[in-house]
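A.B. asks: just the structure for this:
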Amino acid sequence: MRKIDRSKFLAMTGGAAAACAMPLPAFATESDMVLRTATGAIYGTLMLAARPKVSPVVLIIAGSGPTDRDGNSPLLPGKNDALKLLAAVLASRGVASLRFDKRGIAASAAAMTAEKDIRFDTYVDDAAGWVAQLARDRRFKHVCIAGHSEGSLIGMIAAQRGGVATYVSLEGAGRPASTVIREQLRPALTPELLTQADTIIAQLNAGKAYTGALPAELQSLFHASIQPYLISWFKYDPAVEIGKLRIPATIVQGTADVQVTMADAQALKSADPGANLVVVPGMNHVLKISPDVSSRAAIVAGYTNPALPVAPPVIAAVASAAKTR
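C.D. replies: Model (predicted):
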């Protein structure tokens, strides 16, 4: 039985891998932006149309694990630049965007003082801080949030605090993280280890740290310093949180996603019947149309194809949501 690597496990939920970096298109300009927080700076990239005018701006929130502002993870081979590609095509449609390295990741690494101090709500606070900063910027008409994977829930809760005109979930879970993690662990663990994982998850769900012995296979996922974060994350049910939104919402889900399923999208839609559900046939978790959907391995192989663009329905859905007021 192999050890479960928490960072790589979570990166598969929120990150991606593919090929070479994308050059900046002639129709777009990029500049750095910084969010100052009590524990350090969060660094981001603002992308505008080359001939900027007052426009909507999309705050793009990356998924879990060490996934950077472009949608790439150092734990996976190569790059896919999914979020950078999304930003570039939005710029071609007159929609600005801000994507950022979450605290503890890439350029924002120093903003996380220690793993034991990080909470899910810390990421929500950061997203809300970006919203407030963008809302004050006179270059923008209004702010839209587009959150990918774990970023979907972060953005969902941040949007409840105000200052957001529209919201988009990109391959976001519709069930609590504890449920999704257990489902993803099932094929990777022996029955004995799965039983122990269930015990740990149940205790964390109850808001209590697990102090028992951890086998090597579960150390990276449930070690002591990460448990406060997991407790703070597990308390949220995305299907409950999306129901609290009072702004237009769009749910984008690919049929070839092997991390987040159509059941998640349907759970979100049921909780917010007025939301626009966009189903993208053949799209994998990293917003690309998979050339082969015959097996999980074939779908994941699609993460590393440099020729795959972000699926056009994703671009259309985010651009449409951003321009809605």
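A.B. asks: so where do the helices sit in this structure?
C.D. replies: 6-14, 82-92, 120-135, 150-159, 177-185, 191-205, 216-222, 227-234, 238-241, 262-271, 296-301, 312-323 (DSSP state H).
A.B. asks: who's in contact with the shortest one?
C.D. replies: Contacts to helix 238-241, defined as Cβ atoms under 8 Å, 6 or more residues apart in numbering, come from residues 152-153, 156-157, 160, 172-176, 264, 267-268, 270-271. Heads up, the C-betas are built off the backbone N, CA and C, glycines and all.
A.B. asks: what's the closest of those to A216?
C.D. replies: Checking the contacts of helix 238-241 against A216 by Cβ to Cβ gives P176 as the nearest, at 26.3 Å.
A.B. asks: show me the contacts for the closest one.
C.D. replies: 205, 234, 236-238.
A.B. asks: mind running it again at 10 Å?
C.D. replies: 153, 182, 201, 205, 233-240 (Cβ atoms under 10 Å, 6 or more residues apart in numbering).
A.B. asks: so what's the residue count around the nearest residue to K244 once chain neighbours are set aside?
C.D. replies: Of all residues not flanking K244 in the chain, Q160 sits nearest, at 5.4 Å (Cβ to Cβ, 6 or more residues apart in numbering). Per other Cβ atoms under 10 Å, the neighbour tally for Q160 reads 17.
A.B. asks: is it true that Q160 touches A128?
C.D. replies: Yes - look at Q160 against A128 with Cβ atoms under 10 Å: they come within range, at 9.1 Å.
A.B. asks: please identify every residue contacting each of the two.
C.D. replies: Joint contacts of Q160 and A128 (Cβ under 10 Å, 6+ apart) do not exist.
A.B. asks: on that earlier part again, filter the contacts of P176 to the buried ones?
C.D. replies: 153, 182, 201, 205, 233-234, 236-239 (16 or more other Cβ atoms under 10 Å).
A.B. asks: for the residues you listed, which one is nearest A114?
C.D. replies: Looking across these and measuring by Cβ to Cβ, the closest to A114 is W233, at 17.2 Å.
A.B. asks: that closest one and L268: what is the separation?
C.D. replies: Noted for W233: a distance of 17 Å to L268, by Cβ to Cβ, to the nearest Å.
A.B. asks: thinking again about what came up before, among the helices of the chain, which is nearest T250?
C.D. replies: helix 312-323 (4.7 Å).
A.B. asks: now do the buried residues in that closest one.
C.D. replies: By neighbour count on 16+ other Cβ under 10 Å, the buried set for helix 312-323 is 313-315, 317-323.
A.B. asks: okay, now stretch 129-146: how far is its last residue from its first?
C.D. replies: Distance across stretch 129-146, first residue to last, is 15 Å (Cα to Cα, to the nearest Å).
A.B. asks: now that stretch: mean pLDDT?
C.D. replies: Averaged over stretch 129-146, pLDDT sits at 97.
A.B. asks: which of the contacts of helix 238-241 count as buried?
C.D. replies: 152-153, 156-157, 160, 172-176, 264, 267-268, 271.
A.B. asks: just to revisit the earlier point, so who does the residue nearest to K244 touch?
C.D. replies: Going by Cβ under 10 Å, 6+ apart, the list of residues near Q160 reads 124, 128, 167, 241-242, 244-247.
A.B. asks: now the buried members of those residues.
C.D. replies: Looks like the contacts of Q160 have 124, 128, 167, 241-242, 245 buried, using 16+ other Cβ under 10 Å.
A.B. asks: pretty sure L76 is in contact with H285, am I right?
C.D. replies: No - using Cβ under 10 Å, L76 makes no contact with H285, being 11.7 Å away.
A.B. asks: pLDDT below threshold where in this protein?
C.D. replies: When residues are selected by pLDDT under 70, those of the chain lie in 1-25, 306.
A.B. asks: on that earlier part again, higher neighbour count, L76 and H285?
C.D. replies: Neighbour totals were compared for L76 and H285, and H285 leads with 27 against 22 (other Cβ under 10 Å).
A.B. asks: tell me the phi and psi of that one?
C.D. replies: phi -70, psi -20 (degrees, to the nearest 10).
A.B. asks: from M112, how far off is it?
C.D. replies: As judged by Cβ to Cβ, H285 and M112 stand 25 Å apart.
A.B. asks: ok so, going back, from the buried residues of helix 312-323, which is closest to R296?
C.D. replies: The closest of those, once distances to R296 are taken by Cβ to Cβ, is V314, at 21.3 Å.
A.B. asks: ignoring the adjacent residues along the chain, who's closest to the closest one?
C.D. replies: L287 is the one closest to V314 (Cβ to Cβ, 6+ apart), at 5.1 Å.
A.B. asks: likewise for D68?
C.D. replies: D68 sits nearest to A106 (Cβ to Cβ, 6+ apart), 4.4 Å away.
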